[in-house]
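[1] All I have is the shape, not the residue letters:
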Ligand code: ATP
Ligand code: MG
């Protein structure tokens, strides 16, 4: 993107905005002052400033400066330089890390003589490692409301891109020409959906318009990066709203193509997925742990189930085996889009494969399911399936009940267990020899 150089920024003095040092983390304030006292520019920027202006509690505070990463490191004892594509300083405190980034430029006039910005054929940024001025730093950011700088020198806000007006209008607008900016970095389309959902903003028409046409550029984004983005979209408390917006913008199908196809052929899929997302949001709101394993299982459940049925129709194997094959196959495909790490994908497949085992309520093997290390997650999936009308509700209720029972009650629920056999699990065995029993006259 070409920066419109030498335009005067709008300076918003302290009296005209609501950002106060009291609302900024003490560690961030400390870092800002240390930089300023050493003669550098020191500003708060990005999500922290934006959230404060919107009256929200920021989740972190990022700092921008004209000091080089090495100069920042020399100022702080508790500092590490990280990152390859662009080096950042992490100033570490007991319970917080403050990220300090040197102003980035559009590619020329870099201070360390490193490579210029390289674009691929689609206009995507491949390498971006050059320092710049505050103004250049503002122009290379994504949305106007993310490019407001809070200056610790006089507590004013510096606005090069019209971000303050968009804060007032509560809208998300890409800096510069939207199509160019999306081509440079297609993840910005997903960020637009995520930030609009999270902050309750509308997306400006010029910024929303090109997305449908450019959505397929997502396909070329490295899957590991999309997994990072997945975590921000789906695990931070606004999964459902983000999902709806991703759908509306035509982006979801590029992240989860198998899921999108399932949604197209199965009327129950939508409700099932939305319930899972609402559930995840509730857990985040309550401070409960969430794991990407679960939502991947939700997104892949229908595709895996249907594929397993196909496999079973062609080969004589058990439902569990068919599910295992289908889960392996489709996970392999999905991680080429969004790279779920193996430590999540392996247990995720277990969750899927356990589903048919819930059908059996009798016998030791059924009871053993309770102690399976994936029981709880698989059970949560069963609950969703029941709520969606895909599994019998009384089956879900059974597994809910037995979890609350003591050992003796459980033995009864599962048909006796131990040496005594009873209940319907045992009756299945009895039924195998009815003719013989009839002949001996012992059957009732
Ligand atoms: P959140 O509150 O969810 O962290 P954020 O806007 O702070 O939202 P970050 O990923 O932490 O998101 O990014 C910090 C800042 O870096 C952004 O506010 C934006 O200015 C800039 N930025 C992030 N991603 C991009 C991108 N893909 N292109 C341009 N600038 C970006
Ligand atoms: Mg942030």
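    Ah, there it is. In this text, all values refer to a predicted model and were calculated from it rather than measured experimentally. Ligands and ions are numbered 1, 2, ... in the order given.
[2] thinking residue 40 is in contact with residue 68, fair?
    No: Residue 40 lies out of contact with residue 68 (CB atoms under 8 Å); the separation is 9.5 Å. (Each C-beta comes from the backbone N, C-alpha and C, glycine too.)
[3] what about residue 103, distance to ligand 1?
    12 Å (CB to the nearest ligand atom, to the nearest Å).
[4] Residue 64 too?
    Taking CB to the nearest ligand atom, one finds residue 64 at 9 Å from ligand 1.
[5] who touches the residue lying closest to residue 174 once chain neighbours are set aside in this structure?
    The shortest distance from residue 174 to any non-neighbouring residue, by CB to CB, 6 or more residues apart in numbering, is to residue 207 (4.3 Å). Residues near residue 207 by CB atoms under 8 Å, 6 or more residues apart in numbering: 143, 172-174, 178, 192.
[6] circling back: anything in contact with each of residue 40 and residue 68?
    By CB under 8 Å, 6+ apart, no residue touches both residue 40 and residue 68.
[7] Helix, strand, or coil at residue 271?
    Assigned by DSSP: H, G, I helix; E, B strand; the rest coil, the conformation of residue 271 is helix.
[8] For the residue in the chain that ligand 1 sits nearest to, what are phi and psi?
    Of all residues in the chain, the one sitting closest to ligand 1 is residue 47 (2.3 Å; CB to the nearest ligand atom). When read as degrees, to the nearest 10, the backbone of residue 47 gives phi -60, psi -30.
[9] which residues does it contact?
    Here residue 47 is in contact with 58-60, 62, 146 (CB under 8 Å, 6+ apart).
[10] which parts of the longest helix seen in the chain are buried?
    In terms of residue count, the longest helix belonging to the chain (DSSP state H) is helix 292-314. Neighbour counts over helix 292-314 (16 or more other CB atoms under 10 Å) mark 292-308, 311-312 as buried.
[11] Up against ligand 1, what does this protein have?
    Proximity of the chain to ligand 1, by CB under 6 Å from any ligand atom, involves residues 46-47, 59, 62, 141-142, 146-147, 185, 187-188, 232.
[12] farthest-separated two in those residues?
    59 and 185 (21.7 Å; CB to CB).
[13] Looking at those two now, which is surrounded by more residues?
    Using other CB atoms under 10 Å as the criterion, residue 59 and residue 185 rank with residue 185 on top: 17 against 9.
[14] picking up where we left off before, helix/strand/coil for the residue nearest to residue 174?
    Residue 207 is classified as helix under three-state DSSP.
[15] start at 25 instead
    That works, and once the first residue is 25, the last one we named lands at residue 231.
[16] Relative to residue 192, how far out is it?
    17 Å (CB to CB, to the nearest Å).
[17] Same check on residue 336?
    59 Å.
[18] do residue 310 as well
    33 Å.
[19] ok, now residue 295?
    For residue 295 relative to residue 192 (CB to CB), the value is 38 Å.
[20] So for those two, which sits in the more crowded spot?
    Using other CB under 10 Å as the criterion, residue 295 and residue 192 rank with residue 295 on top: 14 against 9.
[21] thought the more buried one was touching residue 412?
    Yes: Residue 295 is in contact with residue 412 according to CB under 8 Å; the separation is 5.4 Å.
[22] Helix or strand: which one has the spatially closest residue to residue 411 that is not a sequence neighbour?
    Among residues not flanking residue 411 along the chain, residue 299 sits closest, at 5.8 Å (CB to CB, 6+ apart). According to DSSP states H and E, residue 299 maps onto helix 293-309.
[23] That helix: which residues count as buried?
    Of the residues in helix 293-309, those buried (16+ other CB under 10 Å) are 293, 296-297, 299-301, 303-305, 307-308.
[24] Tell me which two in those residues are the farthest apart.
    Going by CB to CB, the pair spanning these furthest: 293 and 308, at 22.8 Å.
[25] ok, now which ones touch residue 72?
    48, 52, 82, 84-86.
[26] Restricted to strands, list these.
    residue 86 (DSSP state E).
[27] Make a PyMOL selection of the buried ones in the contacts of residue 72.
    Selecting only the buried entries of the contacts of residue 72 in PyMOL, with 16+ other CB under 10 Å as the criterion:
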select buried, resi 48+52+82+85+86
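[28] possible to save the contacts of residue 72 as a markdown table with pLDDT?
    Output for these, formatted as a markdown table (pLDDT from 0 to 100):
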| residue | pLDDT |
| --- | --- |
| 48 | 96 |
| 52 | 97 |
| 82 | 94 |
| 84 | 91 |
| 85 | 95 |
| 86 | 96 |
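[29] which of the contacts of residue 72 lies closest to residue 361?
    residue 84 (27.5 Å).
[30] May I have the phi/psi pair for that closest one?
    Torsion angles, degrees, to the nearest 10, at residue 84: phi -160, psi 170.
[31] Please, where are all the strands along the stretch 25-174 of the chain?
    34-36, 66-69, 86-89, 103-106, 112-116, 121-126, 142-143, 149-151, 172-175 (DSSP state E, counting those that start in this stretch).
[32] just checking, what packs against whichever strand or helix holds residue 284?
    Assigned by DSSP H and E, residue 284 falls within helix 281-289. Contact analysis of helix 281-289 by 3 or more CB pairs under 8 Å, 6 or more residues apart in numbering; DSSP states H and E lists helix 276-279, helix 293-309, helix 316-338, helix 343-358 as its packing neighbours.
[33] Give me the mean pLDDT for that helix.
    Here helix 281-289 scores 98 as its mean pLDDT.
[34] same question, stretch 172-182
    Rounded mean pLDDT across stretch 172-182 is 98.
[35] Run through who's touching that stretch.
    33-38, 41, 43, 45, 48, 53, 56-57, 59-60, 65-69, 73-74, 77, 88, 158, 162, 183, 187-188, 191.
[36] Okay, and which of those residues map to helices?
    53, 56-57, 59-60, 73-74, 77, 158, 162, 187-188, 191.
[37] quick one, domains of this structure?
    34-193, 242-374, 378-456 (automatic domain parsing).
[38] wait, what's in contact with the spatially closest residue to residue 347 that is not a sequence neighbour?
    If the residues on either side of it in the chain are set aside, residue 347 comes closest to residue 332, at 4.5 Å by CB to CB, 6+ apart. Going by CB under 8 Å, 6+ apart, residue 332 touches 343, 346-347, 349-351.
[39] Among these, the buried ones, what's the PyMOL command?
    Filtering the contacts of residue 332 down to the buried ones (16+ other CB under 10 Å) takes a single PyMOL command:
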select buried, resi 343+346+347+349+350+351
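[40] mind putting the contacts of residue 332 in TSV, distance to residue 419 and pLDDT included?
    Shown next, in TSV, are the contacts of residue 332 (distance: CB to CB, whole Å; pLDDT from 0 to 100):
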residue	distance to residue 419	pLDDT
343	15	93
346	20	96
347	17	96
349	24	97
350	21	98
351	21	97
